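Student: Only the shape, not the letters, is given here:
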């Protein structure tokens with residue numbers, strides 16, 4: 001009897017673990033190309049995913065009830081407006097059931113980047129948003145390059161390096177900017193160390 005209970009417990013535990021690691025229905029994996037989908041605009045017009053082809057794309061999946069999602073919105077906004085990010089586009093996709101809740105979150109964050117709301121979980125499932133927030137890096141051809149779960153400070157040096165690496169270091173603007181700053185600091189330090197007259 002004890003052995004039977006132990007086997008049942010192991011079976012239940014195994015089932016629970018497989019659910020945790022399960023993909024979302026219709027999830028597009030890293031290396032695959034996103035299929036066409038129309039996204040309903042929250043703060044702008046409806047758009048198709050194919051309209052973003054031709055340049056890299058950063059998609060942030062969020063919800064109004066998600067505290068970490070709301071916490072990273074300001075840094076996504078700053079990222080989108082950085083000169084170094086001019087080679088890619090940043091958009092947001094809300095998984096909210098109610099448009100008015102998503103719009104209230106956007107108004108509270110004073111966002112200007114384009115945000116959309118998911119319809120029938122299509123985008124959420126396609127991107128693999130089993131937990132939020134999720135940020136997905138897409139190349140210019142619509143291929144999924146990387147999926148980042150959890151909140152980040154998207155305009156921090158670490159996040160900028162992650163984005164640059166995801167897009168192949170090309171054009172490598174973030175890396176070049178960081179290198180230039182380090183070179184300038186090193187040169188200034190060398191001049192100070194050398195002292196006057198050297």
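Tutor: Received, thanks. These numbers come from a predicted model, not from an experiment.
Student: Residue 38 and residue 90, how far apart?
Tutor: Distance, residue 38 to residue 90, by CB to CB, to the nearest Å: 19 Å. No exception for glycine: its C-beta is placed from N, CA and C like everyone else's.
Student: quick one: which of these two has more around it?
Tutor: Between residue 38 and residue 90, counting by other CB atoms under 10 Å, residue 90 is the more crowded of the two (21 against 15).
Student: Pairing partners for the residue nearest the centre of the chain in the sheet, please.
Tutor: Nearest to the mean C-alpha position of the chain, counting by CA atoms, centre = their mean, stands residue 135 at 1.8 Å. Beta-bridge partners for residue 135, by DSSP bridges, are residue 60, residue 148.
Student: With residue 100 as the reference, measure out to it.
Tutor: 25 Å.
Student: for residue 57, what are its contacts?
Tutor: 88, 89, 90, 91, 137, 138 (CB atoms under 8 Å, 6 or more residues apart in numbering).
Student: part of a helix, is the fifth one?
Tutor: No. Secondary structure assignment (DSSP: H, G, I helix; E, B strand; the rest coil) places residue 137 in strand, not in a helix.
Student: Show me the strands in the protein, by range?
Tutor: Here the chain has its strands, by DSSP state E, at 38-41, 47-48, 57-62, 89-94, 115-117, 134-138, 144-149.
Student: Does the shortest one pack against any helices or strands, and if so which?
Tutor: Which is strand 47-48. Judged by 3 or more CB pairs under 8 Å, 6 or more residues apart in numbering; DSSP states H and E, strand 47-48 is in contact with strand 38-41.
Student: contact partners of the strand it packs on?
Tutor: In contact with strand 38-41 (CB under 8 Å, 6+ apart) are residues 46, 47, 48, 49, 93, 114, 115, 116, 117, 118, 119, 123.
Student: of these, the lowest pLDDT goes to which?
Tutor: pLDDT across the contacts of strand 38-41 is lowest for residue 119, at 78.
Student: Could you check how far the residue nearest to it when sequence neighbours are not counted is from residue 65?
Tutor: Computed as CB to CB, 6 or more residues apart in numbering, the closest residue to residue 119 that is not its neighbour in sequence is residue 40, at 5.7 Å. Using CB to CB, we find residue 40 at a distance of 19 Å from residue 65.
Student: and if you look at residue 113?
Tutor: 20 Å.
Student: More neighbours: those two, which one.
Tutor: When neighbours are counted by other CB under 10 Å, residue 113 and residue 65 differ, and residue 113 comes out ahead with 19 against 13.
Student: My understanding was that the more buried one contacts residue 90; is that so?
Tutor: Yes. Counting by CB atoms under 8 Å, residue 90 is a contact partner of residue 113 at 5.3 Å.
Student: and for the two, which residues touch both?
Tutor: Taking CB under 8 Å, 6+ apart as the contact rule, residue 113 and residue 90 both touch 76, 80.
Student: Burial check on residue 85, number of neighbours?
Tutor: Other residues close to residue 85 by other CB under 10 Å number 20.
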